[in-house]
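J.: My questions are about this predicted structure, shown below with the sequence.
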Amino acid sequence: MTFYFTSTPERGAVWRALFAAETPELAFVTKEDAPPPADTRYLAAWAPTAELIAQLPALEVLFSIGAGVDQIDTRVLPHHVALVRMIEPGLTQGMVEYGVMATLMLHREMIDYRLAQRDGRWAPRPLVPAARRRVGVLGLGELGQAVLAGLRPFGFALSGWSRSPRTLPGVACHAGADALPGFLAACDILICLLPLTQETRGILNHATLSQLPRGAAIVNIARGGHLVAQDLVALLDEGHLSGAVLDVAEPEPLPPEHPLLRHPRIVVTPHIASATSAQSGAHAVLDNIRRHRAGQPMLGLVARDRGY
Ligand code: NDP
Ligand code: OXD
């Protein structure tokens, strides 16, 4: 029985050592070692090709290397194959750091201070207490909840939005499409941590972003496909929005002259908000393999019909 690994060689070296120590009976083969053996039961990949999947007649579980699974073409994945997204503490920690960093940057109006510095202006602005800054998170899953927990100690007024109702300490929770306008109307800083699905593609558009209060700012750390770029640029230019921090874009990489890269009120980073840790990512997959073999539910199993 084989575990076939198709991520980077550096990550592969760490996984190989951990798999050898914890599950020596499972052959660990990387794409650098050999083509996939016919007895491959488990595959770890970011975006496996149809050709690769077709070579795996015994495949039972596809482990996504990332938390997102939108990059995986599930049409080429047989229905009996389980798809599992990555849930591991290293990935979560990176997202908490970035979410808190971006929120503090917008809360303390660093975009305005950078523009003032660029223009040689010394221009202090009134200090807004955190309790008067309303921060809302779209998506209350693993990462949305963790970012909210990371923001709580600062005293922000926190809220969140998800598909099904949630109860989180210190967070005003909203659920479903009907609740979206009311949620948006009370967000000074909006953070997107939704999965990219048919329902959420383009959710950050002119109509929704216009429902944010004047002067609001956004953070997109989910997927570029959530944002309609020209709508963001228009709302920044009109002055309805004051800034944006974007870690993701469509396409990636953005071409050098793309308006998102060039806009003075947008901070762009190249999809580095977080990344799966080699060590704890391997442990998370090993734990799920144990669960799978014991007939227990795996953590992060994707409901393929809803896309996350
Ligand atoms: P989860 O699956 O744990 O959580 C998803 C959340 O979104 C859930 O609360 C879910 O609602 C909600 N949701 C999904 N669809 C809808 C909808 N149509 N309307 C309202 N709410 C919806 O995902 P994670 O927190 O683990 O990850 C979120 C995303 O972060 C990933 O999919 C990935 O795209 C992105 N990511 C980006 C990284 C980066 O470096 N930039 C790194 C890692 C992840 P409910 O609770 O009701 O199910
Ligand atoms: C992920 C990512 O989905 O890194 O994990 O974007």
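T.: Okay, I see it. Numbering: from 1, shown residues only. Ligands and ions are numbered 1, 2, ... in the order given.

J.: May I ask which helix or strand encompasses A116?
T.: A116 is part of helix 110-118 when elements are defined by DSSP states H and E.

J.: after that helix comes which helix or strand?
T.: Next helix or strand after helix 110-118 toward the C-terminus (DSSP H and E): strand 134-138.

J.: Just checking that next one against ligand 1, any contact.
T.: No. Judged by Cβ under 6 Å from any ligand atom, strand 134-138 makes no contact with ligand 1; its nearest approach is 6.9 Å. (Glycine included, C-beta is placed from N, CA and C.)

J.: In CSV, list the C-alpha atoms belonging to that strand.
T.: Extracted in CSV, the C-alpha atoms of strand 134-138 (Å, rounded to 0.1, in the frame of the first residue of the first chain):
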residue,chain,number,x,y,z
ARG,A,134,-15.9,47.0,14.1
VAL,A,135,-14.1,44.1,12.5
GLY,A,136,-16.1,41.4,10.7
VAL,A,137,-15.0,38.1,9.3
LEU,A,138,-16.6,36.4,6.3
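
J.: does ligand 2 sit close to the helix or strand that that strand is followed by?
T.: Following strand 134-138 in sequence order, the next helix or strand is helix 142-151 (DSSP H and E). No. Applying Cβ under 6 Å from any ligand atom, one finds helix 142-151 separated from ligand 2 by no less than 8.9 Å.

J.: Could I get the buried residue list for helix 142-151?
T.: With burial defined by 16 or more other Cβ atoms under 10 Å, the residues of helix 142-151 counted as buried are E142, L143, G144, Q145, A146, V147, L148, A149, G150, L151.

J.: Show me what that helix is packed up against.
T.: helix 89-107, strand 134-138, strand 157-162 (3 or more Cβ pairs under 8 Å, 6 or more residues apart in numbering; DSSP states H and E).

J.: one step back: between the buried residues of helix 142-151, which is nearest Q71?
T.: Ranked by distance to Q71 (Cβ to Cβ), the buried residues of helix 142-151 are led by L143 at 16.3 Å.

J.: Pull up the residues of this protein that are close to ligand 2.
T.: Within the chain, the positions adjacent to ligand 2 are G66, A67, G68, M86, L91, A275, T276 by Cβ under 6 Å from any ligand atom.
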